[in-house]
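Engineer: Need a 3D model of the following:
(2 chains)
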Amino acid sequence: MKAEKVISWVVLIVLIAGAFLYGAYREWNGRSREVDVCRAALTEAYTARREAAYNLLTVAKRHLNGENEAVLAVQEDWRQLGEAALSAASRGSQALTGDAQNLFAAVQETESLQTDERDKAYILQLLPQMMESAGIRVSSEEAAYREAADDYNASFDKYFISSFLASLFGMDRAPGLS
Amino acid sequence: MKKNGWFLLLLIAALLLPAEGLALVYPEKSGYVLDGTGLLQEELRQDIDTLNVRTGEAYGGHAYLYVTHFLGGTSAHDFARELFSRWQLSENDFLLVMVIGEETSALKLGDKLLSLLPGDAGDTVMASYFRDTYQSRAYNQAVADVMPQLAQRAARAYQKSLDLSGLFSPSGAVSQTAQTGWEGFITSGDVNWTDYGVSSTAARPKKKTSGLGTGEIVFLAVLAYFLIFSRKKKRR
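Structural biologist: I've put the predicted structure just below:
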């Protein structure tokens, strides 16, 4: 009789603990997935910005020396935008805003551009538009990612049990942007 | 030239950013010619359409052309290969990709066509009828020169004859030099980037997930309690 009672209580406790753990896992998994979705969108936005930088470099190198300071700066931003770490890509994207402006200005000053209607149209119209649009998209995706990552990371600090369970499920904090 | 410049300015002010501004997009197949630059003349497009009717009848293959400004770092050959596959072109078809802003191009032949053509016939045709004209930025002329040559070689490979009469004639005014014909240079795309940036974020649903709530846990506990203790009562 007594043994039956003990077994009943053990089963009850196991059920409640299991439900609690399952619930916690669902919660963490959902939040983590939300961050992943934002991260994927942000990575795609960085890719678009990187492609815009590549296009600018392609045209610029037809009119400027490859060792030109403005070319090298955009090249470095392009390299950073391709890094897997979000903080590096974010740094590259931020630096690109100013560096691209310098490169546009440098190319516009070249004599060869004055006689090249096609590249002039690229440098004055298409590429600045591309660059600006890519920048707007990056800003928008960075804001979305920051919100999701901050929300997710805040859960780690809320309760000790919360972060303990997260580590139990193999969850890490979302990486920050620069 | 000034007139052209003003035209361009007005055009840009009125148009949205081209789709090329997005991360590299493989366009949907739409006819035999897809020109993302607006540089190709209408007459040339019509000639390519007619050419395709004739190649279809002659040997069952088709000639496709894709023109864009930039590929953002992807090589023209890789892009052509991928586009050929995504458009599900047949083993008798060929696809020519022109990347104007990068001054590159690529030709992708269907597998059967590739096996039937001797050696590097595709490259030879490109070298003889395309590259120099393309590099001199006479894009319409380059297309008018190379497309019938490629189609002719393909037909010969299948031992069929191809009628090219009335197509790609010199009177077809395929005159574009490095300095003229840039009026339609920058064309509109389907995507407004500003909207895209907003909608891509807005379209992402905020998933408010929650674990098992207190109510659910209590419900499970009560359920377990009744399951266990109802058996005990029955025995009594």
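
Engineer: Below-threshold pLDDT in chain B: ranges please.
Structural biologist: Per-residue confidence for chain B (pLDDT under 70) gives these ranges: B:1-23, B:170-218, B:220-221, B:224-236.

Engineer: A:R173 reaches A:S155, doesn't it?
Structural biologist: No. A:R173 lies out of contact with A:S155 (Cβ atoms under 8 Å); the separation is 9.6 Å. C-betas here are computed from N, CA, C, even on glycine.

Engineer: Which of the two has more residues huddled nearby?
Structural biologist: Taking neighbours as other Cβ atoms under 10 Å in any protein chain shown, A:R173 and A:S155 compare with A:S155 leading, 17 against 14.

Engineer: Pull the contacting residues for the more buried one.
Structural biologist: A:S155 makes contacts with A:W28, A:R31, A:S162, A:S163, A:A166, as judged by Cβ atoms under 8 Å, 6 or more residues apart in numbering or on different chains.

Engineer: redo that, cut-off 7 Å
Structural biologist: A:S155 is in contact with A:R31, A:S162, counting by Cβ atoms under 7 Å, 6 or more residues apart in numbering or on different chains.

Engineer: Can you list the buried residues in the helix or strand hosting it?
Structural biologist: Assigned by DSSP states H and E, A:S155 belongs to helix A:127-158. Within helix A:127-158, the residues that count as buried by 16 or more other Cβ atoms under 10 Å in any protein chain shown are A:127-138, A:140-142, A:144-145, A:148-149, A:152-153, A:155-156.

Engineer: tell me the phi and psi of the nearest residue to B:V146 once chain neighbours are set aside?
Structural biologist: Spatial nearest neighbour of B:V146, chain neighbours left out: B:F130 (4.1 Å); criterion: Cβ to Cβ, 6 or more residues apart in numbering or on different chains. For B:F130, the backbone dihedrals (degrees, to the nearest 10) come out as phi -130, psi -50.

Engineer: Might one say that B:F130 is in contact with B:V143?
Structural biologist: No. Between B:F130 and B:V143 there is no contact under Cβ atoms under 7 Å: 8.3 Å.

Engineer: before we move on, what SS does B:K108 have?
Structural biologist: Using DSSP: H, G, I helix; E, B strand; the rest coil, the structure places B:K108 in strand.

Engineer: bridging residues for it?
Structural biologist: Here B:K108 shows beta-bridge partners B:L95, assigned using DSSP bridges.

Engineer: Distance check, the residue nearest to B:W87 when sequence neighbours are not counted against chain A.
Structural biologist: Nearest residue to B:W87, sequence neighbours excluded (Cβ to Cβ, 6+ apart): B:K29, at 4.3 Å. Using Cβ to the nearest Cβ, to the nearest Å, we find B:K29 at a distance of 22 Å from chain A.

Engineer: What about B:K29, how many residues nearby?
Structural biologist: 14.

Engineer: Ok, the one 10 residues further on next?
Structural biologist: B:L39 is flanked by 23 other residues according to other Cβ under 10 Å.

Engineer: can you check B:F84 too?
Structural biologist: A count of nearby residues for B:F84, using other Cβ under 10 Å, gives 21.

Engineer: now the one 5 residues further on
Structural biologist: Neighbour count of B:L89, defined by other Cβ under 10 Å: 19.
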